[in-house]
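S.K.: pasted the sequence and its predicted model underneath.
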Amino acid sequence: MKQNLSVRAALWLGVLSMITVPVLTYLMLKRAMAAGVGPLEILALLLLAFPAADLASGMVHWFFDTYGQVNTPIFGAAVISPFREHHRDQKAILSHGFVETNCNSFTLGLLTCLPLYYFTENVTAPWFHRGIAFFLLTFWQAILANQVHKYAHADANNRMVRTLQRLHLFLPPEHHAVHHAAPYDRHYCIASGCMNRLLDFLHFWRGLEAALRWVGMRPAGSGPTPVQV
Ligand SMILES: [Zn+2]
Ligand SMILES: [Zn+2]
């Protein structure tokens, strides 16, 4: 299939990001430890990052499932189209390689980590570096949410992935299946899925849609699946 220019550019930017984001993360965590943030604190922040990353993954997924069209400038082909394709064919995600699955997330990571690294170079306050470490640990889980989502649709996974799914540290397949069942407007979080029940109970997504409707933004369809592309 002939890929258009914006999709190819997104792939190459993604590859560049996959090289630079881990390096920038390592340098910023090293800087945090040098500023006095201990390994146990980093472990605690990692645990706190699970619900935060899950919420972030849900926000992105919900937004692009609900708003915009495949011909929307910039985001249409690169971001909205894969989300819409996923609802037409859940297994298509399995034919995507690592780069195609994760390039958009890593590009967002680069656009965030690069300024964060340069503009915080001279900050020494430990509380600030704790915040940076929490942000990075959250961000990494959110960045890898598409890969974890792909595992949730795989027919077979290795033992480590299956264990992480059973522990709800990775999105469990049966839990994610709720998102792909009628009425197709629940369980948007795709990192660990730990926030889904709470957010659905609170009618969180309907609340956001009502708030956006109030400022004039209308959903593209009545839910992820009914959207016509
Ligand atoms: Zn969806
Ligand atoms: Zn899915």
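M.R.: Cool, the structure landed. Ligands and ions are numbered 1, 2, ... in the order given.

S.K.: distance of residue 107 relative to ligand 1?
M.R.: Noted for residue 107: a distance of 20 Å to ligand 1, by Cβ to the ion, to the nearest Å. C-beta coordinates here come from the backbone N, C-alpha and C atoms, glycine included.

S.K.: cool, residue 64 as well?
M.R.: When Cβ to the ion is the yardstick, residue 64 and ligand 1 sit 8 Å from each other.

S.K.: so that residue sits right up against residue 78, yeah?
M.R.: No - counting by Cβ atoms under 8 Å, residue 64 sits too far from residue 78 to count as a contact (10.4 Å).

S.K.: what's the weakest-modelled helix or strand in the protein?
M.R.: Among the helical and strand segments of the chain, the one scoring lowest on mean pLDDT, DSSP states H and E is helix 75, with a mean of 76.

S.K.: next SSE after that helix?
M.R.: In the C-terminal direction, the helix or strand that comes right after helix 75 (DSSP states H and E) is helix 81-88.

S.K.: what average pLDDT does the helix or strand just after that following helix get?
M.R.: Per DSSP H and E, helix 81-88 leads on to helix 98-119 as the next helix or strand towards the C-terminus. If you average the pLDDT over helix 98-119, you get 89.

S.K.: from here on, call the first residue 328.
M.R.: Okay, using 328 as the starting number, the last item reads as helix 425-446.

S.K.: next, the buried residues of the helix or strand just after helix 425-446.
M.R.: Of the helices and strands lying after helix 425-446 in sequence (DSSP H and E), the nearest is helix 453-470. Burial within helix 453-470, assessed by neighbour count using 16 or more other Cβ atoms under 10 Å, is assigned to 456-457, 459-470.

S.K.: residue 437: which of those is nearest?
M.R.: Nearest to residue 437 among the buried residues of helix 453-470, counting by Cβ to Cβ, is residue 470 at 10.1 Å.

S.K.: which one is that closest one nearest to, not counting chain neighbours?
M.R.: residue 432 (4.4 Å; Cβ to Cβ, 6 or more residues apart in numbering).

S.K.: which residues touch residue 387?
M.R.: residue 469 (Cβ atoms under 8 Å, 6 or more residues apart in numbering).

S.K.: run the chain-centre distance for the least confident helix or strand of the chain.
M.R.: Relative to the centre of its chain, helix 402 is centred 15 Å away, using Cα atoms, centre = their mean, to the nearest Å.

S.K.: for it, which outside residues touch it?
M.R.: 391, 395.

S.K.: over to stretch 537-551?
M.R.: When contacts are defined by Cβ under 8 Å, 6+ apart, stretch 537-551 is touched by residues 392-396, 410-411, 414, 510-512, 536, 554-555.

S.K.: hmm, 7 Å instead?
M.R.: By Cβ atoms under 7 Å, 6 or more residues apart in numbering, the residues outside stretch 537-551 that reach it are 392, 393, 394, 395, 396, 414, 510, 511, 512, 536, 554, 555.

S.K.: now the second one. Nearest residue, chain neighbours left out?
M.R.: Yep, that's residue 393 we're talking about. The shortest distance from residue 393 to any residue that is not its chain neighbour, by Cβ to Cβ, 6+ apart, is 4.8 Å, and that residue is residue 546.

S.K.: check what pLDDT residue 554 gets.
M.R.: For residue 554, the pLDDT comes out at 47.

S.K.: if we can go back for a sec, how much space separates the residue nearest to residue 393 from residue 389?
M.R.: Distance, residue 546 to residue 389, by Cβ to Cβ, to the nearest Å: 10 Å.
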